Structure formats: C-alpha cells, structure tokens
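Peer 1: model this:
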Amino acid sequence: MGPIDVYVTALGGALRGPRAAKADLVAEARDGLIDAAEHYESGGLDRVEAERAAVAEFGPVAVLAPEYQRELALAQGRRTGLLIAAGVATQAIISEVAWRSAAPGWNWEPSRAYLWLAGAVDYASYAAVLGALLAAVACGIGSRYVAVGRAFVRATGLGAIAVVAFFIAGGTLLTLFSPHTGGTGSAPALAASAVTLSLPAWMVYSGLRCVRAASTATG
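Peer 2: Numbers count the residues shown, from 1 in each chain. Just a heads-up that it's a prediction; the model follows:
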C-alpha cells in the first residue's frame, strides 16, 4: 500500500456514520490526495515521494477526522430524524387500525385516567413527528443557516431513544388496561406489536449511532 492508501485507510477507520456518506467523504479525500500527488509528481518527485508530500500537505488524520466526522454526525442526525418521524407515524396508524378492529361490540366507558393517557400518547405522537422532522431539517439544509453541532446531533439521538421508551411504556399501559385484553392483550393488539417489533429497535439503534457519531465530531 502506498502512502495515500495507508492514509485513506486510517481516515476511514477513524470515521463513524452512515456508510454511503462515509464512503463519499473518504472517496473525496482520496481524489484530493491523488490530485495533489500528481501535481508533485509533475514537479519531478517520484510517485512514492509525491504521495508522501500530498499526505503531509493534507494534514494528520487526527486533525482532519473530526471535521469530516461533523459531516457524518449531521448525516446520521438527519437520517435518525426522518426515521423517528416515519416510525412514530407508522406506529400510530397501526395502533389506530388495531384499536378500531378490536372495538366493535365493546360495552365500556374508559376511565378519566385512561382517556388522559390515550390523549397524551396521541398528542405526543404529533409532537414527536414534528420535532423529528425539524431535527432532520436542521441537520440537513438548516445547517447552512444555523450553527448545528455535535451537541444537537447527540440530543437528537438521545431524543430518539426517549421517544421509543415513552411510546413503549404508553402503548403497553393502554394495552394492559384495555378491558378487551383482560390484562393480557387482544389478538389484534398483539399482532400489531409483532409487526412493529423491529421498528422501535431500529429507532433506538439509529439514536445510539447519533450519539456515537457526535462523540468525536468538532463543533
């Protein structure tokens, strides 16, 4: 491996974030190094010395990586925001369909506490979708106009985990205290839970990737 290959490999190993975005940044760095090396080579250096000069000009990985990492952190924050918005909306729709399919024939007046909890979950769904979309915009085009750094990306990741925890707790309570479930869960509700079981795990995983991506970014 030549000096450029060694440098690019080290840079790629230091970065954390979405695979495609990371590959683009590493490819961009490689292209820049190759162009610089060709310039030095045209000035009379042999290939190895030209690559070493290009790497030296580019700067140490430890200095460059945090700047690249910021871009990857923003990309992960944008992806997580979109995932949370889509995931919460999907969960809300599936839960509503399951509830309506189980409701016919019920003879039950929900308690005030149950109605309050159901309303809180509904309004929290709206707030979570809106907040997640705003976070995605801030980490995307919004970063051109607003100073968005690793603290915001970390907050987005932690917020994603908190959203999942809230809706798991709220959904579980609503299911357990529904008279139709008898405390065990109706077939439609359990089916809906089975269908969407992987979605909360995916959302938590994306949130953790936000926290990890932000840990070594600048800003």
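Peer 1: make it CA atoms for all contacts and neighbour counts henceforth
Peer 2: OK.
Peer 1: does Y7 belong to a helix, a strand or coil?
Peer 2: Here Y7 takes the helix state, with states given by DSSP: H, G, I helix; E, B strand; the rest coil.
Peer 1: what sits against it?
Peer 2: The neighbourhood of Y7, defined by Cα atoms under 8 Å, 6 or more residues apart in numbering, consists of 55, 61.
Peer 1: can you tell me which residues contact the spatially most central residue of the chain?
Peer 2: What sits nearest the mean C-alpha location of the chain, by Cα atoms, centre = their mean, is T80, with 2.4 Å. Shown in contact with T80 (Cα under 8 Å, 6+ apart): 132, 136, 156-157, 160, 203, 206-207, 210.
Peer 1: so it is in which element?
Peer 2: Using DSSP states H and E, T80 sits in helix 61-102.
Peer 1: toward the C-terminus from that helix, list the very next helix or strand.
Peer 2: Tracing the chain C-terminally past helix 61-102 and defining elements by DSSP H and E, one meets helix 112-139 next.
Peer 1: now do that next one and helix 61-102, the angle between them.
Peer 2: For helix 112-139 against helix 61-102, the angle by axes from the mean of the first three to the mean of the last three Cα atoms, to 10 degrees is 150 degrees.
Peer 1: what is helix 112-139 packed up against?
Peer 2: helix 61-102, helix 150-176 (3 or more Cα pairs under 8 Å, 6 or more residues apart in numbering; DSSP states H and E).
Peer 1: just put the ones you listed in JSON lines and tack on mean pLDDT and distance to Y123.
Peer 2: Converted to JSON lines, the helices and strands packed on helix 112-139 look like this (pLDDT from 0 to 100; distance: least, Cα to Cα, whole Å):
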{"stretch": "helix 61-102", "mean pLDDT": "87", "distance to Y123": "11"}
{"stretch": "helix 150-176", "mean pLDDT": "90", "distance to Y123": "11"}
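Peer 1: what would those helices look like in CSV with distance to P110?
Peer 2: Written out in CSV, the entries for those read as follows (distance: least, Cα to Cα, whole Å):
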stretch, distance to P110
helix 61-102, 14
helix 150-176, 11
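Peer 1: what's the burial count for the nearest residue to T216 once chain neighbours are set aside?
Peer 2: Beyond its immediate neighbours in the sequence, the residue positioned closest to T216 (Cα to Cα, 6 or more residues apart in numbering) is P66, lying 5.9 Å away. For P66, the number of neighbouring residues by other Cα atoms under 10 Å comes to 20.
Peer 1: the helices and strands packed on helix 112-139: which one's closest to D31?
Peer 2: Within those, the stretch nearest D31 is helix 61-102; the backing value is 15.0 Å (Cα to Cα).
Peer 1: okay, the angle between the closest one and helix 150-176?
Peer 2: Counting by the same axes, to 10 degrees, helix 61-102 lies at 20 degrees to helix 150-176.
Peer 1: could you find the closest non-adjacent residue to I4?
Peer 2: Nearest residue to I4, sequence neighbours excluded (Cα to Cα, 6+ apart): E51, at 5.9 Å.
Peer 1: centre of the chain to the helix or strand containing that neighbour, how far?
Peer 2: Taking DSSP H and E as the criterion, E51 maps to helix 47-58. In this view, helix 47-58 has its centroid 36 Å away from the chain centroid, taken as Cα atoms, centre = their mean, to the nearest Å.
Peer 1: which helices and strands does it pack with?
Peer 2: Secondary elements touching helix 47-58 (3+ Cα pairs under 8 Å, 6+ apart): helix 3-14, helix 19-42.
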